[in-house]
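In: Have a look at this prediction, sequence included:
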Amino acid sequence: MWILPRIFGESQWTRAIFINIAVQAVLAIILEAVIFNYHTISVNLIYRHRFNEPSLLTAYANARSLLVYYSLFIIAQVFTLILVIDAVYQKNTIELIALAAFEIGMSAYSIIQFHQSTNLFDNTTDSKVLTLLGNSLHASSWAEITQICVMTMSTMGFLFLAYKLYLEFGWHIYKKIGADLAMRDRYKMYQIFMMLLKFDFFFFLGFSVQYLALLVVAWWPEADTPEETSELINKLVEHVFLSCLVTVAMLLLAYWGLRCECKIHLYAFMAFSMATMGYFIYILVQISQQPQRYIGSRAFLTFFLCVDIALIVVTVPISILCLRNFNQGLINHLSHSTGAASSTSHLMNPLGSAASGEREEKPVAQRWSIE
């Protein structure tokens, strides 16, 4: 158990926030699995009758695509738990603020989930779907309402604990980095950009998976003519290239460009970001113009697309600020963290306490080491 003190230190707040988010993850995953199971029963019921009633094909496709969003919510819980551990270990106040916003977003997502599930079949003009499902239509409502309550209470607790840790970590970073305000500002931009890349990865790929499932699961079975099939193939290729390959490539370019202070990498990241944002806006316009086609996923896709666009709007300007900080000495201090991670003795020695015979640069390196 030696690793626990190393990650959480001696602070009671770090342990409290981990317990809060771990309990939230366990409860939310259990409830989401229950919701998933209830919804799967409805999907299977429609599946068995879809060929007898052709009008059920659309309802089946929409209902089946909704399963993807339940899986994403479970993945989001694991993602949050990992980021909380990372923020506590790195003592990263910027990441704590972002996680607070992410918690609020997940609480909103649980409400959207309840709304989408409740209205999935209520908007259909075919009463056969409602008759077929009967009592199983809203059987998962109790679990969805409980999920909203769990997420709301957990988020409130997380916000309080994050504030306590914000005060604690702020003082730690001040002692660790020193009083050079310019270098602290550069390091702050570095932290913000790295944090944004983590959330970019989750939300970009989250949208990619949702839209890919919509194309393959919901629309592909409805393609009756060669023209419709060809259009779907074009959309599929377009989506895989722009929303999957390009987003992964641009995030990798941004990460390595920042770590190595390579301007070309960040310039490429900015160009790809603009192209990706144009694609997101194009999909958002399609959803608003054809709401009936996205009836089973409109709320979720709109939510993710708006978050994706907002992330790009924030990430690109921050990347420009990081670009301006290149060749200002930050990379030298970041490089010391590799050696510092294996030893904590330099954190305990006061400035100027270097052993005799050592060069004068060593105390400076100890003071400026950044994890």
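Out: Received, thanks.
In: what's the burial count for residue 250?
Out: Neighbour count of residue 250, defined by other CB atoms under 10 Å: 24. Yep, even glycine has a C-beta here, placed from its N, CA and C like the rest.
In: State the distance from it to residue 18.
Out: 32 Å (CB to CB, to the nearest Å).
In: Also residue 327?
Out: The separation that residue 327 has from residue 18, given CB to CB, amounts to 38 Å.
In: neighbour-wise, which of those two wins?
Out: Just comparing residue 327 and residue 18: by other CB under 10 Å the higher neighbour count belongs to residue 18, 18 against 9.
In: Tell me the spacing between the more buried one and residue 27.
Out: For residue 18, the distance to residue 27 (CB to CB) stands at 15 Å.
In: Next: residue 297.
Out: 25 Å.
In: Would you map the helices across the stretch 201-350 of the chain?
Out: 226-239, 246-260, 263-289, 298-324, 330-340, 345-348 (DSSP state H, counting those that start in this stretch).
In: the more surrounded of residue 297 and residue 27?
Out: A direct count of neighbours by other CB under 10 Å for residue 297 and residue 27 places residue 297 higher, at 23 against 17.
In: Go ahead and confirm the more buried one touches residue 207.
Out: No. Taking CB atoms under 8 Å as the definition, residue 297 is not a contact partner of residue 207, at 10.7 Å.
In: Hmm, residue 67 and residue 42 touching each other?
Out: No. The pair residue 42 and residue 67 fails to qualify as a contact (CB under 8 Å) at a distance of 10.3 Å.
In: Compare these two (neighbour count), which wins?
Out: For residue 42 versus residue 67, the count of surrounding residues by other CB under 10 Å is larger for residue 42: 25 against 16.
In: number of nearby residues for the closest residue to residue 291 other than its chain neighbours?
Out: Nearest residue to residue 291, sequence neighbours excluded (CB to CB, 6 or more residues apart in numbering): residue 298, at 6.0 Å. Close neighbours of residue 298, defined as other CB under 10 Å, add up to 18.
In: got a pLDDT number for residue 298?
Out: What the model reports for residue 298 is a pLDDT of 79.
In: For it, give its distance to residue 114.
Out: Distance from residue 298 to residue 114, by CB to CB: 15 Å.
In: and residue 13, what is it in contact with?
Out: Shown in contact with residue 13 (CB atoms under 8 Å, 6 or more residues apart in numbering): 161, 164-165, 168.
In: Spell out the secondary structure type for it.
Out: helix (DSSP: H, G, I helix; E, B strand; the rest coil).
In: Kindly report the same for residue 192.
Out: helix.
In: Give me the helix or strand of the chain that scores worst on average pLDDT.
Out: Each helix and strand of the chain was given a mean pLDDT (mean pLDDT, DSSP states H and E); the minimum falls on helix 345-348 at a mean of 37.
In: Could you count how many residues lie near residue 96?
Out: Residues near residue 96, counting by other CB under 10 Å: 22.
In: same deal with residue 14?
Out: 23.
In: cool, residue 101 as well?
Out: If you count neighbours by other CB under 10 Å, residue 101 ends up with 11.
In: Can you name every helix or strand that the host helix or strand of it contacts?
Out: Assigned by DSSP states H and E, residue 101 falls within helix 93-118. In terms of contacts (3 or more CB pairs under 8 Å, 6 or more residues apart in numbering; DSSP states H and E), helix 93-118 is packed against helix 12-49, helix 56-90, helix 141-177, helix 181-213, helix 298-324.
In: Using JSON lines, please lay out the ones you listed together with distance to residue 262.
Out: As requested, these are arranged in JSON lines below (distance: least, CB to CB, whole Å):
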{"stretch": "helix 12-49", "distance to residue 262": "35"}
{"stretch": "helix 56-90", "distance to residue 262": "23"}
{"stretch": "helix 141-177", "distance to residue 262": "24"}
{"stretch": "helix 181-213", "distance to residue 262": "14"}
{"stretch": "helix 298-324", "distance to residue 262": "10"}
